[in-house]
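Chemist: 3D model of this:
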Amino acid sequence: MIYLTLKLRLLVNQKGSHHFIIFPFLVLSFLAAIAPPCMAEWELDVRSNAYYTDDVALFSATRRLSRHQDPTQPALDSTLADQGDGFVYEPMAQVKTTFDLMGRNTELLVRGQGFVFVDNSRFNHGSLGVKADHNLTSSTIFSVRYFFGPDLFLGKNEVREAEAGGGQPPRFKDEEFTTNYWVAVIDQQLPGASDMTLRLLGRYGLRNYDKAFDQRDTKFWTIGTHLEWALTHTVGFALGYHYERGLADGRHQPELKDDVSYYNHFATGELEIELTEQVALELGVHYEFNGWTTGIEEDERKGEHENLVQGDIATRYQVTESIQMTAGFQAAYRKESFEDRLTNYNIWVGAKMVF
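Modeler: Below you'll find the predicted structure:
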């Protein structure tokens, strides 16, 4: 726990955002304190993954494309891609406690995660997440989740400025942003179908850019549903759909011609197969459509859209009850209607230990 706290404090930006780090630990301490000590159970989960990616600029967006993470992407100009390949190390640690609250089972989890780019340290970043699950009934679970991802670097981009005379060359600065979002979820086991769970979720979030790109500051909200189905005791299937709307400050600054407001459709299908008692295979296909909603004349996104298709395959090997090995491959294809297609391929190996 001490290691996790110290590690995460290093990831905080320098803009007075320390309260985002402190808050989850206050919640964890409070809920753990009101639980009788004899009834609380604690678990530490430590994971480590090593990746090879063919484009360090697209790696983080590809890794986030999941119904459990942050599938919608910030506006990523094609000029920021093709930054070269490289190796990435991902350390992750999470602490979980389970206890009775008001006579019902409650689980609280805090996770710290980092991505360390071996030869491209400017892309290094980390995040913190906190999640609480409470059993309302034997078949209904209510969950809340918070995510904080500070200072994610996208690349060196052109600063959009109001037209001015003098024929001065364009200025370029580092483009980076911070994400905060909050999620509320209801998981309902379907009556008469104990092998099927329906999930309803709502999300609200903020993406705040550095001052040079603050016209891209975006408020977004998401609604979605997931269906998880245990087809057999060794085969699981899941479907998911999200609709999201994002409103950027640039819609009120027509002189910059850079409104990244959007609506988003995200759909996913996942299959998990236990091949043996120790080996499991995971397959996933994800599709995303971004429709840009700017009405500003001469904004390159006016009337345009983006399509993204991604496939994942991963395998797990349970070495012992507390040690698991993993390996996987991802391929992502994204195309804005007014730009060239972008691709990203990632492979990884990793390990997980539970104490």
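Chemist: so where's the stretch 1-150 of the chain shaky on pLDDT?
Modeler: Along the stretch 1-150 of the chain, segments meeting pLDDT under 70 span 1-39, 75.
Chemist: quick one, helices of it?
Modeler: 2-9, 18-34, 56-64 (DSSP state H, counting those that start in this stretch).
Chemist: identify the bridge partners of N208.
Modeler: Counting by DSSP bridges, N208 is bridged to T178.
Chemist: pull the number of nearby residues for it.
Modeler: Neighbour count for N208, taken as other Cβ atoms under 10 Å: 19. Any C-beta I mention is one placed from the backbone N, CA and C, and that applies to glycine too.
Chemist: likewise for P191?
Modeler: Residues contacting P191 under the criterion other Cβ under 10 Å number 8.
Chemist: and it, that's in a strand?
Modeler: No. Applying DSSP: H, G, I helix; E, B strand; the rest coil, one finds P191 to be coil, outside a strand.
Chemist: once you drop chain neighbours, what's closest to it?
Modeler: Once flanking residues are discounted, P191 sits nearest to S139: 7.9 Å by Cβ to Cβ, 6 or more residues apart in numbering.
Chemist: show me what contacts that neighbour?
Modeler: Contact analysis of S139 by Cβ atoms under 8 Å, 6 or more residues apart in numbering lists Q188, Q189, P191.
Chemist: gap between it and Q278?
Modeler: S139 sits 31 Å away from Q278, going by Cβ to Cβ, to the nearest Å.
Chemist: same thing with L342?
Modeler: 37 Å.
Chemist: and for W182, the neighbour number?
Modeler: Applying other Cβ under 10 Å, we find 13 residues neighbouring W182.
Chemist: could you list every residue that touches K131?
Modeler: K131 touches L108, L109, R111, S143, V144, R145, Y146, counting by Cβ under 8 Å, 6+ apart.
Chemist: so which of the residues you listed comes closest to H134?
Modeler: Ranked by distance to H134 (Cβ to Cβ), these are led by S143 at 7.5 Å.
Chemist: re the thing from before, from the contacts of K131, which would you call buried?
Modeler: Using 16 or more other Cβ atoms under 10 Å as the burial test, the contacts of K131 include L108, L109, R111, S143, R145, Y146 as buried.
Chemist: my read: the third one touches A93, true?
Modeler: This means R111. Yes. R111 is within contact range of A93, at 7.4 Å (criterion: Cβ atoms under 8 Å).
Chemist: which residues do those two both contact?
Modeler: Counting by Cβ under 8 Å, 6+ apart, R111 and A93 have no contacts in common.
Chemist: return the distance of stretch 217-224 from the chain's centre.
Modeler: With Cα atoms, centre = their mean, to the nearest Å as the basis, stretch 217-224 stands 13 Å off its chain's centre.
Chemist: again with stretch 315-334
Modeler: The answer for stretch 315-334 is 18 Å, by Cα atoms, centre = their mean.
Chemist: ranges for the strands of the stretch 1-150 of the chain?
Modeler: 41-53, 86-101, 104-117, 125-135, 140-158 (DSSP state E, counting those that start in this stretch).
Chemist: wait, which of those strands is closest to E321?
Modeler: Nearest of these (Cβ to Cβ): strand 41-53, 12.6 Å.
Chemist: can I get the CA coordinates of that closest one in PDB?
Modeler: Taking Å, rounded to 0.1, in the frame of the first residue of the first chain, the C-alpha atoms of strand 41-53 are listed here in PDB:
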ATOM      1  CA  GLU A  41     -10.600  -9.200   3.700                       C
ATOM      2  CA  TRP A  42      -7.600  -7.700   1.800                       C
ATOM      3  CA  GLU A  43      -6.000  -8.700  -1.400                       C
ATOM      4  CA  LEU A  44      -3.000  -7.300  -3.300                       C
ATOM      5  CA  ASP A  45      -2.800  -7.800  -7.100                       C
ATOM      6  CA  VAL A  46       0.500  -7.000  -8.800                       C
ATOM      7  CA  ARG A  47       0.900  -7.200 -12.600                       C
ATOM      8  CA  SER A  48       3.600  -6.500 -15.100                       C
ATOM      9  CA  ASN A  49       3.400  -6.500 -18.900                       C
ATOM     10  CA  ALA A  50       6.000  -5.900 -21.600                       C
ATOM     11  CA  TYR A  51       4.800  -4.600 -25.000                       C
ATOM     12  CA  TYR A  52       6.200  -4.100 -28.400                       C
ATOM     13  CA  THR A  53       4.300  -1.500 -30.500                       C
END
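Chemist: residues of it that come out buried?
Modeler: So for strand 41-53, counting by 16+ other Cβ under 10 Å, buried means D45, V46, R47, N49, Y51, T53.
Chemist: ok, now stretch 139-157?
Modeler: Buried residues in stretch 139-157, counted by 16+ other Cβ under 10 Å: 141-143, 145-155, 157.
Chemist: again, but for stretch 295-306
Modeler: Buried, per 16+ other Cβ under 10 Å, within stretch 295-306: I296, D299, R301, E306.
Chemist: from those residues, which is closest to T72?
Modeler: T72 has its nearest neighbour among those in E306, at 10.9 Å by Cβ to Cβ.
Chemist: in its sheet, what does the helix or strand hosting that closest one sit against?
Modeler: Take DSSP states H and E as the rule and E306 turns out to sit in strand 305-318. Paired strands of strand 305-318, with direction, are strand 279-292 (antiparallel), strand 323-336 (antiparallel) (DSSP bridges).
Chemist: how many neighbouring residues does G114 have?
Modeler: G114: 17 neighbours (other Cβ under 10 Å).
Chemist: and the one 3 residues further on, by the same measure?
Modeler: The number of residues packed near F117 is 20, by other Cβ under 10 Å.
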